[in-house]
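**Q** below are the sequence and a predicted model; questions follow.
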Amino acid sequence: MAYSQHGHDQLFALFIALMYPVLLVKCHPQCLDFKPPFRPQNGLSFCTMYSQFGCCDSTKDQEIMNRFYSIVDSFDYSLYATCAAYIQDMLCALYRIILEVDEPASNHNGGQLLFGNDGYLYIFTGDGGMAGDPFGKYGNALNKSALLGKVLRIDINNNNRGPLYKIPPDNPFIQDPDARPEVYAYGVRNMWRCSVDRGDPQTKEGNGRIFCGDVGQNKFEEIDIVEKGRNYGWKAREGFSCYDKKLCGNSSLNGVLPIFAYPHSVGKSVTGGYVYRGCESPNLNGLYIFGDFMSG
């Protein structure tokens with residue numbers, strides 16, 4: 001099939017617009033505080049979808065519009081009609097900041113974003129870094145008022161106007177005045193790679209379970225199944241072993257044990273995997289397969 005030079009130029013320009021949008025324009029900054037929505041002082045004429053929220057300004061709006069026309073000026077009518085709206089959307093909203101969490105240290109950044117079978121977004125955050133979760137009396141992970149060391153669960157559907165996310169009505173700590181309503185589970189150190197079990201192909205048994213590898217401190221790595229409201233024990237416990245002996249003896253923490261743990265003589269940094277549900281190796285069906293960054 002032959003292409004004209006003009007058509008090639010148009011497709012190349014479209015490719016650049018689609019594949020390298022970060023090079024074209026800086027993103028609109030978004031406000032985390034959305035009560036009430038912050039609006040541009042002078043209104044927007046091009047990125048009108050941001051007129052009701054966000055910290056956009058007319059200068060940035062004009063820059064984006066100019067960039068848009070520099071891309072589409074070489075398009076013929078057909079390509080413009082097909083692609084212009086998509087390019088506008090991409091330039092105006094390369095990404096949106098839904099939630100920001102300050103971290104006191106550079107490590108333990110968490111290892112997964114995923115959607116559960118319920119349609120909600122699950123966010124897995126590290127405990128804030130350093131060693132031994134030294135933040136506050138109990139650390140971040142056991143503190144339900146902190147977003148660090150947690151599994152968060154939020155609803156980002158239909159968020160074009162108003163709040164950037166909503167709290168699912170069955171989140172476990174909505175009625176707890178000392179907890180953040182986003183918290184779904186807590187007491188995790190640095191969950192690194194999580195996955196949703198597709199369930200048995202025939203019976204659907206196991207469908208929707210969330211498996212995670214949680215990286216340990218000095219002695220043990222662990223695998224957990226994430227369930228609503230559960231406390232996975234860190235920093236009271238590392239794997240099946242006590243880490244902070246005083247906290248470990250506190251029965252009120254009501255921690256749940258991992259489904260599997262292994263010592264650092266085997267591996268030193270768990271990488272979570274998947275429950276095998278394929279056809280090529282039926283003997284593996286239903287088994288959780290994971291790795292270790294240090295030992296493979």
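**A** Alright, I've got the coordinates. Numbering: from 1, shown residues only.
**Q** mind listing the helices for this structure?
**A** Along the chain, counting by DSSP state H, helices occupy 5-19, 58-72, 77-92, 245-248.
**Q** and those as CSV, adding mean neighbour count and distance to residue 168?
**A** Glycine gets a C-beta too; all of them are placed from N, C-alpha and C. Converted to CSV, those look like this (neighbours: other CB atoms under 10 Å; distance: least, CB to CB, whole Å):
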stretch, mean neighbour count, distance to residue 168
helix 5-19, 13, 33
helix 58-72, 16, 34
helix 77-92, 15, 27
helix 245-248, 13, 29
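**Q** nearest to residue 189, out of those?
**A** With CB to CB, the closest approach to residue 189 among the helices of the chain belongs to helix 245-248: 13.4 Å.
**Q** return that closest one as PDB; C-alpha atoms alone will do.
**A** Output of helix 245-248 as PDB, limited to C-alpha atoms (Å, rounded to 0.1, in the frame of the first residue of the first chain):
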ATOM      1  CA  LYS A 245       7.900  -7.300  71.000                       C
ATOM      2  CA  LYS A 246       5.900  -4.800  72.900                       C
ATOM      3  CA  LEU A 247       3.400  -4.200  70.000                       C
ATOM      4  CA  CYS A 248       3.500  -7.900  69.200                       C
END
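**Q** give me the contact list for that helix.
**A** 138, 142, 235, 236, 237, 242, 253 (CB atoms under 8 Å, 6 or more residues apart in numbering).
**Q** ok, which pair from these is furthest apart?
**A** So, the contacts of helix 245-248 by CB to CB: farthest apart are 138 and 242, at 14.7 Å.
**Q** which one's more surrounded, these two?
**A** Set side by side, residue 138 and residue 242 show more neighbours around residue 138, with 18 against 14, by other CB atoms under 10 Å.
**Q** contacts only, for the more buried one.
**A** Residue 138 touches 235, 247, counting by CB under 8 Å, 6+ apart.
**Q** check residue 267 too.
**A** 221, 292, 293, 294, 295, 296.
**Q** with residue 210 instead?
**A** 114, 116, 122, 194, 195, 196, 197, 225, 226.
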